[in-house]
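Q: task: produce atomic coordinates for the following.
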Amino acid sequence: MTDSDKEKDIKLESLREWISEEGWVDYAGLAKAPDILERNVVAVGEAKVDASLARPYQLAFWMNAYNILCTWGTLQCIRKKKGFDGQLGLMDKFSFFFSDKYLVAGQKMTLYALEGNIIRKEFGDPRIHFCINCSSFSCPRLRRDLFTGGDLDMQMDECTYAFVNLHNGVRVSFGQSLTERRLVLSSIFKWYTDDFRNWDPPAGLADRVDRIHSYAACEGRVQRWMVGFGTVRTKERAVPSFDELERLGE
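A: From the prediction side, this is the model:
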C-alpha cells in the first residue's frame, strides 16, 4: 500500500497494544488508558463517508467503526457493573445491539443497524462476518490492526483463513467409525445463510463449498476437508448442496 493509499483511509488509532495475537482484548489495560478509545469514538462520529471515497475504503472504515464501538461498549459495561464476568443479561444484550445509539459518520445508529443496514446490505461480502467482532467469546478473532482500503481484500482473506483454520469455524467431526464423518460449521454460517448462499464463487472454483474449502491451511487439512465435504476428487464427486451444509451448522 502506497503513502497515497494510506491518506485515503479515515484516520483512526490502532488498538494493537491492547489486542493479543489471539485476538483477545486487554480491557483492564484499556481501562487505564481510555483516551485512545474515546478519541476513536469521536473520530468515528466525525468521519466523512460519501461516494467520493472508493468502496474498499468505505468498507474498511465501517468495519473499523463497528469493532471500535463494540470494544468501547464492552468497556462501558465493565465500568458500570461491579464484578462483571463477561456475561450480559437479556436486556443488556438488547440494549448493546438494538437500543444504544452511536454517532457514526454523522448519523446516529445502533450496532445492529451499522452491521445490517450498511456493512452487510451495502457491500454484500460474506467475509465481513470473519472481520467484525461483537466482543462475544465465539466471535472471529479481533484483528490487531485497522483495516485499510488499499489492502482490504487481502486483509479480509486473512481474517477468513484465521476463522476457518484457527477458530473451529469449519471442522470435520468423526463418528464411531472412520467412515462416519460430518462437516460441522460455525453458527455464523447458519445465522447468515442468505449472505453465504449469495456468495458467488470466483473463476476456477466450482461452487460455494469449494470457496470455503479454498481457505484450508495445508494439504493434510485439505484431505480431511475433502472427506468431510464429500469432495474426494473422482468423476463420481458428490458435493452436498448449500442447503445440506446449512443443516450441518451448529
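
Q: identify each buried residue in stretch 115-132, please.
A: Neighbour counts over stretch 115-132 (16 or more other C-beta atoms under 10 Å) mark 115, 118, 119, 120, 123, 126, 127, 128, 129, 130, 131, 132 as buried. In short, each C-beta sits where N, CA and C put it, glycine included.

Q: so which of those residues sit within helices?
A: residue 123 (DSSP state H).

Q: so which of the buried residues of stretch 115-132 is the closest to residue 170?
A: The nearest member of these to residue 170, counting by C-beta to C-beta, is residue 130 at 11.1 Å.

Q: doesn't residue 158 make contact with the closest one?
A: No: at 9.2 Å, residue 130 does not count as touching residue 158 under the criterion of C-beta atoms under 8 Å.

Q: quick one: low-confidence parts of this protein?
A: The chain contains residues with pLDDT under 70 at 1-7, 81-92, 167-168, 172-183, 198, 200-211, 213-214, 216-250.

Q: quick one: the helices in it, in order.
A: Remark: helices assigned in the chain by DSSP H are 3-8, 27-32, 35-46, 55-80, 90-94, 111-113, 121-123, 152-166, 187-191, 193-197, 208-213, 219-228, 242-247.

Q: between those, which one is closest to residue 21.
A: Nearest of the helices of the chain to residue 21, taken as C-beta to C-beta: helix 152-166 at 10.5 Å.

Q: name the helices or strands packed onto that closest one?
A: helix 55-80 (3 or more C-beta pairs under 8 Å, 6 or more residues apart in numbering; DSSP states H and E).

Q: in the helix it packs on, what counts as buried?
A: 56-75, 77-78.

Q: relative to helix 35-46, how tilted is that helix?
A: 130 degrees (axes from the mean of the first three to the mean of the last three C-alpha atoms, to 10 degrees).

Q: which helices and strands sit right next to helix 55-80?
A: The helices and strands touching helix 55-80, judged by 3+ C-beta pairs under 8 Å, 6+ apart, are helix 27-32, helix 35-46, strand 101-104, helix 111-113, helix 121-123, helix 152-166.

Q: residue 61 against residue 11, yeah?
A: No: using C-beta under 8 Å, residue 61 makes no contact with residue 11, being 10.0 Å away.

Q: hang on, the earlier thing: possible to save the helices and strands packed on helix 55-80 as a markdown table with distance to residue 194?
A: Shown next, in a markdown table, are those (distance: least, C-beta to C-beta, whole Å):
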| stretch | distance to residue 194 |
| --- | --- |
| helix 27-32 | 34 |
| helix 35-46 | 28 |
| strand 101-104 | 24 |
| helix 111-113 | 17 |
| helix 121-123 | 11 |
| helix 152-166 | 18 |
